[in-house]
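> The amino acid sequence is not available; the structure is as follows:
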């Protein structure tokens, strides 16, 4: 359908303005994400310290502070359309810090399910397939079940690690570089709990960990807000 030329011009002008606003928003998000990466590099390495903190950092293997819990082999023929969500490898996002919820499947609630229950803000990692090494935060309010080949980071020494600090580290270049070296060495795109637990992390005091996590989380909140605005645009 063709309106008169002047009306075509007006329609095109309005839609082009929308495109320009969207492009600027995407550029702003990209800029903020680069700033966050630079901030992570400085804060998680100890290159930049906050006032009042001077204690020496301790480098430990993840196995000293966390256990990577594996999932359960749920039977696909018993998947439901409602019930308890099951988090599978396909739910680990390639583009966001949070889970992909588009293709969730469900299961009847089980008794004695403590070993594979996921709660809000739990940190998960894909352990095989094309997304091996990708991490996501579970952000639903209701509990979910952990499927096989998805790992759940469980703290075993809360006196040494703040979970929010751990989350920031797992999303950082310090973790991904170590992980990539392991994946390159292997023939198959998969990784074991022991492999991940063998990686190293630098730990400041708990109070400094909390301060670092708070600053980086504020940056995440700003980026997520901009992404929500982009979706609306």
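Noted; the coordinates are in hand. It should be emphasised that the depicted structure is a prediction, and the values quoted were computed from it without experimental measurement.

> the strands in this protein, which residues?
58-61, 66-69, 84-87, 105-107, 117-118, 123-126, 135-137, 144-146, 150-155, 200-203 (DSSP state E).

> now the second one: how far from the chain's centre is it?
Between the mean C-alpha point of strand 66-69 and the mean C-alpha point of its chain there is a distance of 16 Å (CA atoms, centre = their mean, to the nearest Å).

> Show me what it is in contact with.
62, 115-116, 125, 146, 151-156, 161, 166, 193, 196-197 (CB atoms under 8 Å, 6 or more residues apart in numbering). C-betas here are computed from N, CA, C, even on glycine.

> Next, give me the two most distant ones among the residues you listed.
Farthest pair in these (CB to CB) is 116 and 161. Separation: 21.9 Å.

> if we can go back for a sec, which of the strands of the chain sits closest to residue 26?
Here strand 135-137 is closest among the strands of the chain (CB to CB), at 21.7 Å.

> for the closest one, what is the average pLDDT?
Average pLDDT, strand 135-137: 94.

> next one: stretch 63-71
pLDDT averaged over stretch 63-71 gives 95.

> With stretch 28-47 instead?
pLDDT averaged over stretch 28-47 gives 96.

> Show residues contacting it.
With CB under 8 Å, 6+ apart, stretch 28-47 has contacts from 48, 57, 168-169, 171-174, 202, 204, 212, 215-216, 219-220, 222-223, 226-227, 230.

> again, but for stretch 153-161
By CB under 8 Å, 6+ apart, stretch 153-161 touches 60, 64-69, 122-125, 163, 166, 170, 203, 206, 209.

> Give me the buried entries from these.
Neighbour-count burial (16 or more other CB atoms under 10 Å) applied to the contacts of stretch 153-161 gives 65-69, 122-125, 163, 166, 170, 203, 209.

> would JSON lines of the residues you listed with distance to residue 132 be doable?
Putting the buried ones among the contacts of stretch 153-161 into JSON lines (distance: CB to CB, whole Å) gives the following:
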{"residue": "65", "distance to residue 132": "23"}
{"residue": "66", "distance to residue 132": "19"}
{"residue": "67", "distance to residue 132": "19"}
{"residue": "68", "distance to residue 132": "14"}
{"residue": "69", "distance to residue 132": "17"}
{"residue": "122", "distance to residue 132": "19"}
{"residue": "123", "distance to residue 132": "16"}
{"residue": "124", "distance to residue 132": "13"}
{"residue": "125", "distance to residue 132": "9"}
{"residue": "163", "distance to residue 132": "23"}
{"residue": "166", "distance to residue 132": "20"}
{"residue": "170", "distance to residue 132": "14"}
{"residue": "203", "distance to residue 132": "26"}
{"residue": "209", "distance to residue 132": "27"}
